[in-house]
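**Student:** Sequence first, then the predicted structure, then my questions.
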Amino acid sequence: MLHNRTMQSHPLVYLDNAATTFKPQCVIDAVVRYYTEQTTNVHRGDYEISYQVSEAYEKTREDVARFIHAEPKEIVFTAGASASLNLVAYGYGRKYLKPGDVILSTEAEHASNILPWFKVVEETGAKLEYIPLTEDGRLTLENFHKAMHEQVKIVAVADITNVLGYVAPIEEMTRIAHEHGAIVVCDGAQSVPHTPTDVKAWDVDFLAFSAHKMCGPTGIGVLYGKFELLQKTDPFMLGGGSNARFDMCGNILLKDAPYKFEAGTPNIEGVLGLQQAVRYLENIGMDKIEAYEHELKAYAIEKLKKLDNLILYNPTSPTGIIAFNVKDVFAQDAAGYLNSKGIAVRSGNHCAKILLNVLKTSETIRASLYFYNTKEDVDRFVQACSEITLENCVGLFF
Amino acid sequence: MSSLLEDPMVLREIIMDHYQYPHNHKLTDDAGYHQVHMASESCIDDITVQSKINPAGSIEDVRFDGVACTISTSSTSIMTELLKGKSIAEAKAIIDEYFAMIEEQPYDPERLQEAVAFKNVSKQANRIKCATIGWKAMKEMIEEWEKNQ
């Protein structure tokens, strides 16, 4: 997918996969085919191509369900993980939380799994509490246990965090949360593309993820929810396709989940592209992808550890995210140097702005791997990192 | 223009020096200052620029503070030095020259002095906002001052 791409006159080394991923040809073809051969709306035409597209659209629900071990009726198509999390916050949290109730989260959450809850807290009088993280930024079962109590109604956490890439003990956490009568809302944006997902085994109540971080198109994502919870959740918006019937007095009979959440013409090209992305990843095997990224991360850390100009923040996290800084060089300057060598990384606070209190640094650089990255990519990255000095960063401008 | 300001090694040293030892790098609570907080432009840079412009239209003082990269810090530091003591008209002329340089338009290096160090910033296009963040803050304050006249 990265073949023959260049940046700043160097072959591109793309290490910003936690932000978005490249697309295999089958995904691009599916999107183009929809517009060149299949343009019709779904669920409403009385003619052949509309029927075919509707079938493919619903088949995607089955494919996604199989991919995460859910039922098709538990798969809601949304605009992405942020939209999915907002749907749970507004459609479920705002509806059921009462003053005194608690939402439990962590300081490592992405803005998309915190800001909607800020709003819910403001509107319901519920409270937001944080599970303390360890010194290196991990979420442990022990700390979760201590933070859990009877007032907690919603636990909102990422099973893999976007800055440090640590894996939360989600299965055990869910069991404990359920014992206390709380539901678990899981942000799977960084996990579903990289590791096998089994919502049945984890027993999570909601799971959100985006297609574009797993080789699919942008603007499409998924909310998984246990069917009975989805039935209890209000839709974000109303419109065509979400109602069974309505009358002039304002009585509305909504369809069952997931259809009641999909008002208006949906992102059909996105769904069809997502279908190909899911099948593509399934063909490779999520267990293989996980093992490969783990190995590549270990390979990178082994080499990066030997550079004495670097500070590594998460050498032991098992996933493909590497958070680091270059001593005495501002993160954005270092990222600028890597750009000049054709290497794409992200500097900043990665939309998890409160985590900085844990890391004690205002900025980090994040390199994030995917299955299409190679040891050669890592070698070029390590070589470029070894060259980063303040002089070299400023030298780019002359 | 002094030939020194054409030597890339010298220009690089100027940027590094203004980054490591930024000038006018302290905010004040004194009366008579206006300030602009620049934090929304990008994910990282978070700087505040203050200025004191007297009723006669002369810029008495410019200062700044915050967390920012080499390019943001040094370009803002150089801006404070250049604009301090200038009249509004002179300052506006300098700011216009600076933005012309950044946008690869013809410009007058004499007016820009050390700020010519950023003449190549467009080679790394994603850094243009770093080189202009402090300058935009000052421009905003001058426009605000003019509106209140």
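**Tutor:** Perfect, thanks for sending it.
**Student:** Please make it C-alpha for all contacts and neighbour counts, starting now.
**Tutor:** Fine.
**Student:** just the strands in chain B please.
**Tutor:** Using DSSP state E, the strands of chain B run over residues B:34-38, B:46-53, B:59-67.
**Student:** Which one of those lies nearest to residue A:309?
**Tutor:** strand B:59-67 (21.0 Å; CA to CA).
**Student:** Residue A:218 is in contact with residue A:274, correct?
**Tutor:** No: counting by CA atoms under 8 Å, residue A:274 stays clear of residue A:218, with 9.3 Å between them.
**Student:** Where do the helices of chain B begin and end?
**Tutor:** B:8-20, B:70-83, B:88-102, B:109-112, B:128-147 (DSSP state H).
**Student:** which one of those is the most hemmed in?
**Tutor:** helix B:70-83 (a mean of 26; mean count of other CA atoms under 10 Å in any protein chain shown).
**Student:** which helices and strands does that one pack with?
**Tutor:** Packing partners of helix B:70-83 (3 or more CA pairs under 8 Å, 6 or more residues apart in numbering or on different chains; DSSP states H and E): helix B:8-20, strand B:59-67, helix B:128-147.
**Student:** mean confidence score for it?
**Tutor:** In this model, helix B:70-83 has a mean pLDDT of 96.
**Student:** Now do it: everything it contacts.
**Tutor:** Helix B:70-83 has contacts (CA atoms under 8 Å, 6 or more residues apart in numbering or on different chains) with A:330, A:333, A:394, B:15-19, B:22-25, B:45, B:59, B:61-64, B:91, B:94, B:112-115, B:118, B:127, B:130-135.
**Student:** Extract the C-alpha trace of that helix and format it as PDB.
**Tutor:** What follows is helix B:70-83, C-alpha atoms only, in PDB (Å, rounded to 0.1, in the frame of the first residue of the first chain):
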ATOM      1  CA  THR B  70      12.100  26.500  18.100                       C
ATOM      2  CA  ILE B  71      10.500  28.200  15.100                       C
ATOM      3  CA  SER B  72       7.600  29.700  17.100                       C
ATOM      4  CA  THR B  73       9.800  30.800  20.000                       C
ATOM      5  CA  SER B  74      12.600  32.300  18.000                       C
ATOM      6  CA  SER B  75      10.300  34.000  15.500                       C
ATOM      7  CA  THR B  76       8.300  35.600  18.300                       C
ATOM      8  CA  SER B  77      11.400  36.600  20.200                       C
ATOM      9  CA  ILE B  78      12.800  38.300  17.100                       C
ATOM     10  CA  MET B  79       9.400  40.000  16.500                       C
ATOM     11  CA  THR B  80       9.400  41.500  20.000                       C
ATOM     12  CA  GLU B  81      12.800  43.000  19.400                       C
ATOM     13  CA  LEU B  82      12.000  44.400  16.000                       C
ATOM     14  CA  LEU B  83       8.700  46.000  16.900                       C
END
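**Student:** Centre of the chain to that helix, how far?
**Tutor:** 4 Å (CA atoms, centre = their mean, to the nearest Å).
**Student:** count of neighbours near residue A:347?
**Tutor:** Counted with other CA atoms under 10 Å in any protein chain shown, residues neighbouring residue A:347 total 24.
**Student:** Look up the closest residue to it, ignoring the ones flanking it.
**Tutor:** Nearest non-adjacent residue to residue A:347, counting by CA to CA, 6 or more residues apart in numbering or on different chains: residue A:365, 4.3 Å away.
**Student:** Point out the other helices and strands that the helix or strand hosting that neighbour packs with.
**Tutor:** Residue A:365 is part of strand A:364-368, with elements assigned from DSSP states H and E. In terms of contacts (3+ CA pairs under 8 Å, 6+ apart), strand A:364-368 is packed against strand A:321-326, helix A:331-340, strand A:346-348.
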